[in-house]
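Visitor: With the sequence up front, the predicted model follows.
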Amino acid sequence: MSKQAKMEARVILMTDDHILDGCRNKDRNSQRLLYERYYESLSFACYRYLRNQELVEDVVHEGFMKIFKNIHKFNGRGSLEGWMKRVMVNCCLDYLRKQNRQPRQVELEEAGGYEVDEDMVAQLQANYILEVVGQLPPILRTVFNLNVVEGYPHKEIAKLIKVKESTSRAYLTEAKKLIRKKLQHSGIGEERRVKNG
């Protein structure tokens, strides 16, 4: 077996724990492997917030720098990918705050009369939902992503974007209402209703 083939075999067998140990020791090869392994999924997570591929690349690069700098803080509770995703989401929120794109206030209409259909989002194709969510105003898109996609509770969202918990709930209600309107306009799910969260 050639030296190159041996190196490739070794790379394939490296687990996240091995890579993590190398990153904690500031090993460049381990950092490269971590970057290559998770770049795509973390970029996708950032794209849900930023909606601009060039900007996503910049924020993901910055996020990986923070990950490498703070990798010693990962305590092994939960998944490494989940911890890194949280770092990336915080980088996105920091960017939005700096750009004054968040928390931009939006007019909130009364959301009464809407019943819940928790299956709606799950039943639509992911690419179409991403497109519809991407058309929301930045603050609504951010709250929707944090709550529905990432699973953050409203109490934590309120702290992250510096609003009241009731405001976070209102933003989510408005986001779901706008998504419903867009889906109805396109003819999808006309008889279905989005749940107030």
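Guide: Alright, I've got the coordinates.

Visitor: residues in contact with E81?
Guide: 38, 41 (C-beta atoms under 8 Å, 6 or more residues apart in numbering). C-beta here means a position set from N, CA and C on the backbone, and glycine is covered the same way.

Visitor: Could you list the buried residues of the host helix or strand of it?
Guide: Take DSSP states H and E as the rule and E81 turns out to sit in helix 80-98. Buried residues in helix 80-98, defined by neighbour count with 16 or more other C-beta atoms under 10 Å: 80, 83-85, 87-89, 91-93, 95-96.

Visitor: With stretch 157-171 instead?
Guide: 157-158, 160-161, 163, 167-171.

Visitor: Return that stretch as CSV; C-alpha atoms alone will do.
Guide: This file holds the C-alpha atoms of stretch 157-171, laid out as CSV (Å, rounded to 0.1, in the frame of the first residue of the first chain):
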residue,chain,number,x,y,z
ILE,A,157,-34.7,33.4,21.7
ALA,A,158,-35.8,36.6,23.6
LYS,A,159,-32.3,36.8,25.2
LEU,A,160,-30.5,36.2,22.0
ILE,A,161,-32.3,38.9,20.0
LYS,A,162,-32.9,41.2,23.0
VAL,A,163,-36.7,41.3,22.9
LYS,A,164,-39.4,40.3,25.3
GLU,A,165,-40.5,36.6,25.3
SER,A,166,-44.0,37.7,24.2
THR,A,167,-42.4,39.6,21.2
SER,A,168,-40.6,36.4,20.2
ARG,A,169,-43.9,34.5,20.2
ALA,A,170,-45.6,37.3,18.2
TYR,A,171,-42.8,37.2,15.6
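
Visitor: tell me the mean pLDDT for it?
Guide: Mean pLDDT, stretch 157-171: 92.

Visitor: go on, stretch 94-107?
Guide: Stretch 94-107 comes out at a mean pLDDT of 63.
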